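# I'll drop the sequence and a predicted model, then ask my questions.
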Amino acid sequence: MSFNSQEYEACRRLVSMALEEDLGSLGDRTSQALIPPQLTGQAVLVARQSGILAGLPAVQQTFAWVDPSLSVEGLREDGAWLQCGDHLAILRGRMRSILAGERTALNFVQRLRGIATLTRRYVDAVLGLPCQILDTRKTTPGWRLLEKYAVRCGGGHNHRMGLHDGILIKDNHLAALRGVAEPICEAIRLARQIPDEVVVEVEVDTLSQLEMALKAHPDIVLLDNMNLDQLRAAVRLRRETAPDVLLEASGGVTLETVRAIAETGVDRISVGALTHSAPALDIGLDYLP
């Protein structure tokens with residue numbers, strides 16, 4: 001896997017900001033004091049923890065920004081499983097440049113590896129069931145495209161990227177329609193009037209709301225914080241009334257509960273923890289003779 005054009009542009013902006021905050025206007029003062037300017041060498045990026053690789057293009061962009069003459073040879077592809085001790089890239093060129101970009105590059109790949117690896121754990125937990133694991137908009141500001149890329153590296157799927165590319169009618173939207181008869185149906189009707197062909201999803205938290213939503217036939221119904229019995233009843237109701245509407249479970253999903261949720265028959269499970277709670281996976285940079 002690799003970045004698409006939008007992800008490359010998002011990464012370019014993040015790399016620029018990250019290097020600005022790390023190098024400032026004076027650069028790497030320690031390397032300037034200790035390392036001769038023309039001294040060259042090579043180093044490898046090494047996985048200190050097992051997990052999925054994600055973010056190698058960010059490593060390449062970081063070092064290219066610091067010094068275009070640096071060579072960055074990727075040894076594995078994003079989406080690959082790395083064991084502790086595996087090498088993922090070799091750097092060759094001026095030692096000052098390698099040192100200047102080291103921490104920024106590692107920060108990118110450690111963060112994205114963590115998301116990809118946690119996603120894979122959720123995907124593996126529902127293996128064999130016809131249920132997708134999706135992310136949410138609970139992402140680090142500015143990092144959304146890259147974090148959602150990491151979810152895909154881990155085998156997950158992306159929910160809408162933002163408010164601009166899908167309709168999700170939530171409780172606060174419905175609250176604004178109070179006084180309207182059957183607000184869920186009315187909200188779906190209004191959403192269908194938008195000329196663009198976008199997915200229309202509505203959030204419900206009771207079976208009576210689900211019954212109302214299915215009458216209006218959205219593309220997806222999000223079942224918010226329902227217990228297993230409610231989810232099974234929701235799947236039965238969908239099967240009887242609107243079998244082509246997808247059901248998505250969400251709210252408080254954990255690795256311990258995700259398989260039981262998938263076994264109820266829902267089509268999708270969205271998990272905010274994929275991006276807001278994934279721990280970074282350690283990556284090191286070791287110098288070679």
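Arrived safely, thanks for sending. Quantities reported herein were computed from a predicted structural model and do not represent experimental measurements.
# Contact partners for the most centrally placed residue in the chain?
Taking CA atoms, centre = their mean, the centroid of the chain lies closest to residue 148, which sits 2.7 Å from it. For residue 148, the contact set (CB atoms under 8 Å, 6 or more residues apart in numbering) comprises 135, 139, 158, 161, 275. Any C-beta I mention is one placed from the backbone N, CA and C, and that applies to glycine too.
# mind redoing it with 6 Å?
By CB atoms under 6 Å, 6 or more residues apart in numbering, residue 148 lies in contact with 135, 158.
# What strand or helix carries it?
Here residue 148 sits within helix 144-153, counting by DSSP states H and E.
# That helix: what's the following helix or strand?
Assigned by DSSP H and E, the successor of helix 144-153 is strand 167-169.
# What is the distance between the helix holding residue 148 and the centre of its chain?
4 Å (CA atoms, centre = their mean, to the nearest Å).
# tell me the mean pLDDT over that helix?
In this model, helix 144-153 has a mean pLDDT of 98.
# tell me which residues in it are buried?
Judged by neighbour count using 16 or more other CB atoms under 10 Å, the buried positions of helix 144-153 are 144-153.
# Could you do stretch 218-234 as well?
Neighbour-count burial for stretch 218-234 flags 218-224, 226, 230-231, 234 (criterion: 16+ other CB under 10 Å).
# what would those residues look like in JSON lines with pLDDT and secondary structure?
Shown next, in JSON lines, are the buried residues of stretch 218-234 (pLDDT from 0 to 100; DSSP: H, G, I helix; E, B strand; the rest coil):
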{"residue": "218", "pLDDT": "96", "secondary structure": "coil"}
{"residue": "219", "pLDDT": "96", "secondary structure": "coil"}
{"residue": "220", "pLDDT": "98", "secondary structure": "strand"}
{"residue": "221", "pLDDT": "98", "secondary structure": "strand"}
{"residue": "222", "pLDDT": "98", "secondary structure": "strand"}
{"residue": "223", "pLDDT": "98", "secondary structure": "strand"}
{"residue": "224", "pLDDT": "96", "secondary structure": "strand"}
{"residue": "226", "pLDDT": "97", "secondary structure": "coil"}
{"residue": "230", "pLDDT": "98", "secondary structure": "helix"}
{"residue": "231", "pLDDT": "98", "secondary structure": "helix"}
{"residue": "234", "pLDDT": "98", "secondary structure": "helix"}
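# Dump stretch 26-33 to CSV, restricted to CA.
The C-alpha coordinates for stretch 26-33 follow below in CSV (Å, rounded to 0.1, in the frame of the first residue of the first chain):
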residue,chain,number,x,y,z
LEU,A,26,18.7,27.2,13.3
GLY,A,27,18.6,23.5,12.5
ASP,A,28,20.1,20.6,14.5
ARG,A,29,22.6,22.4,16.8
THR,A,30,24.0,19.2,18.2
SER,A,31,24.9,17.7,14.9
GLN,A,32,26.2,21.0,13.6
ALA,A,33,28.6,21.0,16.6
